[in-house]
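Participant: Fold the following and give me the result.
(one chain, ligands or ions: 1)
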Amino acid sequence: MKLQEWKIQWFGPGEKNPLEISSPYYIDHFWMTTRVPGDIHSTLISKKLIPDPFVGHMDLECRWVEEKEWWYRTSFYWDECLDPLDTLELLFEGIDTYATVYLNGKEIGSTANMLVEHSFDVTREMKNGNNVIAVKIDPVHSHVKHKEQGYWCSYGKERIWTRKAAMNFGWDWGPRLVTGGLWKGVHVLKKAKANIDSVFPRTMALNDSSAIVEVDIGVKQHFKCKQKLNLEVELASKYHTFKSKTQIVAGKGRAELHVFDPVLWWTHDLGEPHLYDLTVSLRDSENHILDEKNQKFGIREVKVEQTHENGDHLFAFNLNGVRLFAKGANWIPVHSFIGSIDDRRYTKQLEMGKAAHMNMMRVWGGGIYEKEVFYEECDRLGMLVWQDFMFANALYPDYNKDFQANVEDEIEKVIKRLRPHTCLALWCGNNEIDWIFDRKSSDGEITTPFYGEKIYHQWIPQKLERLDDTRLYWPSSPFGSTGNTDLDAEEVGDRHNWVVWHGNVEPRKKGEPVIQNITKEGVSFKNYKKDATLFSSEFGMHASSNRYTLSKYIPKKEFYWKSEEMAYRNKDHFHEKGILLMEDFTGAPGDIEEYMNYSMLTQAEGLKYGIEHYRRRKPWTSGALIWQLNDCWPGTSWSMIDYELLPKASYYYAKKFFDPVLATIDHEPGELLNIYLVNDRLQRISGDVGIEVRTFKGDIVCTQTIAYEVDGNMAKQVSSIPEADLLQGADPTEVVIRLYSYEGAFQDNVYYLRDFKDLRLPKANLKVEYNLERRQITVTSDLLARFVKLEMPEGEILCSDNFFDLLPEQSKIVDLHHLDGGTVDLENIQVSSLNSDSFFTIHPINL
Ligand code: BMA
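Facilitator: Residues are numbered from 1 along each chain as shown. Reported below is the predicted structural model:
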């Protein structure tokens, strides 16, 4: 049923009588049009009624929007015949947040949860002819201002009571923009006397030649319909079709399919993410189809191994019998205005993750249960999902009955919606709450009981026991303690390493005071090497957004380092942390150019340093999920991809440090160079690693060749060389080391023996040429060129490589493509390196 265009208007809260505005006869001709799905802010921006809140401090000019009462109205024509037991349902896939819904002037219900769908039976209220839907959206504060907010909650206090994306109230990487509106689809659905309510397929047993797939089906049957109903289930691939039939008892049916020669679903790095087509049809006694559901399903087994064969602790995802290293990132909402964002942004971001060898995304608990497209794309791309429930960094009023009913409804709906997805690997109760509760209680900042505890330790696990026992439930992240350690312990479970950046002093025992060491040494990324975590589910550092992204939203006269506008982009508590990190590695930046370069280099090198360490520890560390993949606005944050979908340097580094086969060096100044091969592939690899030490000017200092043989799914040290042996008297601040494969088994890996700030880089000359037809740029350097950067004149451009080093006399061809497939304006790309003259004119190549 196609709804007509929607309109919106605002009023002072309570100013109008709802019966007047919801009436079918109300004249709304002069209201503004809006899009559904969408949101109020985006509508006002498009009508120029508010400025773009991402420009300068303009978000502050938009605060009035959250103070108003907003009304949506639409009308539609209805004239379908109904069978006696048919029902009509008005379905809102998402309403943000406190709303009252009217149909033809009748109040049919209200909502108080943005995170789940809401449906209303409107069989009798629907008229033949014109119908009018009206929705009143209240300001959040009007519902929570009289509720107690006197206990721990980071960021906006209203969110304790409000089941809404927590990041809307501001976070340490995003502005406060309290959205409202119909953020997902609205539909009128005709339902037969019986219909399929849920389909939950899962792999029950698996061996080389067969699999058992069980499908649980929930059916809603009109209470007057006493007929016996049947279900037919079909699982099809292009090779085979498997069928099963079953009956419905008390609204439930279970079908079992025996699948021969199953084609398994793998993450993209281990194989193909093969998906079957699953069709469930509900039939009456005369075999008429009453309802049918189609979805994709991958045959796979996923579990989390918490004990190694030798009895030691482990935290490793195991897919189809393969213990894998989870490589990926934390996913935050793709935009502050989630409702208005095109699905293609999801595909773009996830495909970028895949191209950087990521095989897992963590949907972090301060946002939303993601849109359907996210999970569909993860299924398709072979990307596992760590799914948080949406509770983050706060206590929640679990003592309140209404809150309990709301949350229990949410948990049930979310489990049913997401459990069919093959990509879903783990359910997690919340973000950081259990861990921080102990920290803040020890400090005296929290003096209340653990409000919210029941949610993660009772309500969620109870529902999962009934609705999905196929995945591990992990109550919080981080979680796991040996008894007296705090929940961020490295010996058990997962860990958030916020030693680096936030300066947390760890390990810490339960109940001990919290200590932070915000000094150069305290926050330095070198601390990653002390981390023996089993699974690093959050860690990271800030980096600037790209120049294009920053300059688009910062007024020109404010585009300088430490301007108020620049500072405003950084929502973290203590801006000096980033400077300390840079001071340790690059030296503190003196201007905005240096800030952009140094923060990106520090983030990229810092993540490389940490992740190569974690990967060398395989399987004793079995996961590295970087904080954070993306941004929701043009800020400066921990993200690897900025708001305009331009990758930062760390993204291009990830294409190397996450590569399934990696040659890596563990080294500290003056010490041994320990050389490792990490092999995430299942096949054994053997060959030779070449080591080449050259001065920045190009002279060969030393070369060595090491034979290696590494079993599948293993990390192995293959050599250990004293620094002095490689230097042969050369100055450690003037050499570069390249690891390379003779057989092309892995990518080159480049190292320096000292921090960037201590290197004595000569001035390099770059030659830059472009080939318009092939969309390629070739960069050549005479001497070593550090951090060669191609700066984009617009957003959404991806390079085959960027922010790379060129060895003396080396050339590199960079392919460029626009994420939307459009042309790339090659002539306006500026190229530079940290040790070459600023920008270079690009010369066309003669074909
Ligand atoms: C963790 C996350 C987020 C936060 C990030 C950076 O605490 O879970 O809440 O944005 O670190 O501080």
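
Participant: how close does the residue nearest in space to the middle of the chain get to the ligand?
Facilitator: Centrality entry for the chain: nearest residue to the mean C-alpha point is residue 331, 1.4 Å, by CA atoms, centre = their mean. Distance from residue 331 to the ligand, counting by CB to the nearest ligand atom, to the nearest Å: 12 Å. No exception for glycine: its C-beta is placed from N, CA and C like everyone else's.

Participant: low pLDDT regions in the stretch 651-800 of the chain?
Facilitator: Residue ranges of the stretch 651-800 of the chain with pLDDT under 70: none are present.

Participant: Now do the same contact list for the residue nearest to residue 76 when sequence neighbours are not counted.
Facilitator: Residue nearest to residue 76 in three dimensions, not counting chain neighbours: residue 3, with 4.9 Å by CB to CB, 6 or more residues apart in numbering. With contact set as CB atoms under 8 Å, 6 or more residues apart in numbering, residue 3 has these partners: 36, 74, 76, 133, 186, 188.

Participant: So which of the residues you listed are in strands?
Facilitator: Among the contacts of residue 3, DSSP state E puts 74, 76, 133, 186, 188 in strands.

Participant: Name whatever forms a beta bridge with the residue in the stretch 351-500 of the chain positioned nearest to the ligand.
Facilitator: The nearest approach of the stretch 351-500 of the chain to the ligand comes at residue 431, 4.7 Å away (CB to the nearest ligand atom). Applying DSSP bridges to residue 431 yields these beta-bridge partners: residue 392, residue 477.

Participant: That one - how many residues pack around it?
Facilitator: Counted with other CB atoms under 10 Å, residues neighbouring residue 431 total 28.

Participant: go on, residue 754?
Facilitator: Neighbour count for residue 754, taken as other CB under 10 Å: 15.

Participant: quick one: it and residue 733 touch, right?
Facilitator: Yes - the pair residue 754 and residue 733 passes the contact test of CB atoms under 8 Å, sitting 5.1 Å apart.

Participant: so where's this structure shaky on pLDDT?
Facilitator: The chain contains residues with pLDDT under 70 at 1-2, 838-847.

Participant: which strands and helices sit next to the longest helix belonging to it?
Facilitator: Across the chain, the longest stretch assigned as helix under DSSP state H is helix 592-616. Judged by 3 or more CB pairs under 8 Å, 6 or more residues apart in numbering; DSSP states H and E, the packing partners of helix 592-616 are helix 576-585, strand 623-626, helix 649-657, strand 661-667, strand 672-679, strand 714-722, strand 785-791.

Participant: In which helix or strand does residue 460 reside?
Facilitator: If you go by DSSP states H and E, residue 460 is part of helix 460-467.

Participant: Alongside the ligand, which residues does the stretch 601-750 of the chain contribute?
Facilitator: With CB under 6 Å from any ligand atom as the criterion, the stretch 601-750 of the chain meets the ligand at residues residue 627.

Participant: ugh, wrong one, the chain
Facilitator: With CB under 6 Å from any ligand atom as the criterion, the chain meets the ligand at residues 171, 172, 173, 366, 393, 431, 432, 538, 627.

Participant: Is it correct that the first one is in contact with residue 366?
Facilitator: What that stands for is residue 171. Yes - here residue 171 reaches residue 366: they are 6.3 Å apart, a contact under CB under 8 Å.

Participant: Common neighbours of those two, please.
Facilitator: What both residue 171 and residue 366 touch, as defined by CB under 8 Å, 6+ apart, is an empty set.

Participant: Look at residue 279 and give its secondary structure.
Facilitator: Assigned by DSSP: H, G, I helix; E, B strand; the rest coil, the conformation of residue 279 is strand.

Participant: dump the residue contacts of it.
Facilitator: Residues in contact with residue 279 (CB under 8 Å, 6+ apart) are 233, 234, 236, 292, 293, 294.

Participant: Can you get me a residue count around the fifth one?
Facilitator: Counted with other CB under 10 Å, residues neighbouring residue 293 total 16.

Participant: Use 650 as the first number from now on
Facilitator: With 650 as the first residue, the last one maps to residue 942.

Participant: Can you say which helix or strand has it in it?
Facilitator: strand 938-946.

Participant: wait, residue 1177 sits on residue 1254?
Facilitator: No - using CB under 8 Å, residue 1177 makes no contact with residue 1254, being 11.2 Å away.

Participant: returning to what we had before: please pull up the helix or strand immediately following the strand holding residue 942.
Facilitator: Heading C-terminal from strand 938-946 (DSSP H and E), you reach strand 951-956.

Participant: helices or strands up against the helix or strand just after that following strand?
Facilitator: Sequence-wise, the next helix or strand downstream of strand 951-956 (DSSP H and E) is strand 962-968. In terms of contacts (3+ CB pairs under 8 Å, 6+ apart), strand 962-968 is packed against strand 951-956, strand 1272-1275.

Participant: Okay, now the sheet partners of the longest one, with direction.
Facilitator: Within its sheet, and counting by DSSP bridges, strand 951-956 is paired with strand 962-968 (antiparallel).

Participant: Look up how far residue 945 lies from residue 910.
Facilitator: Computed as CB to CB, to the nearest Å, the residue 910 to residue 945 distance reads 19 Å.

Participant: Same drill for those two, tell me which one is more crowded.
Facilitator: The neighbour comparison of residue 910 against residue 945 (other CB under 10 Å) goes to residue 945, with 18 against 11.

Participant: partner residues bridging that one?
Facilitator: Beta-bridge partners for residue 945, by DSSP bridges, are residue 926.

Participant: dump the residue contacts of it.
Facilitator: By CB under 8 Å, 6+ apart, the contact set of residue 945 is 924, 925, 926, 927, 1025, 1028, 1029, 1071.

Participant: buried subset of these?
Facilitator: 924, 925, 927, 1025, 1028, 1029, 1071 (16 or more other CB atoms under 10 Å).

Participant: follow-up on the earlier one: farthest-apart pair in the contacts of residue 652, please.
Facilitator: Farthest-apart pair in those is 685 and 837; separation 13.1 Å (CB to CB).

Participant: who has more neighbours, these two?
Facilitator: Under the neighbour definition other CB under 10 Å, residue 685 and residue 837 were set side by side, and residue 685 has more, 22 against 19.

Participant: thinking the more buried one is in contact with residue 784, fair?
Facilitator: No - using CB under 8 Å, residue 685 is not in contact with residue 784; the gap is 9.7 Å.

Participant: For these two, list the residues in contact with both.
Facilitator: In contact with both residue 685 and residue 784: 721, 831, using CB under 8 Å, 6+ apart.

Participant: what's the spacing between residue 1310 and residue 918?
Facilitator: 11 Å.

Participant: Now list whatever residues contact both of these two.
Facilitator: Here residue 1310 and residue 918 share the contacting residues residue 1329, scored by CB under 8 Å, 6+ apart.

Participant: and the residue of the stretch 1250-1399 of the chain nearest the ligand?
Facilitator: residue 1276 (5.5 Å).

Participant: part of a strand, is residue 712?
Facilitator: No - counting by three-state DSSP, residue 712 falls outside a strand, being helix.
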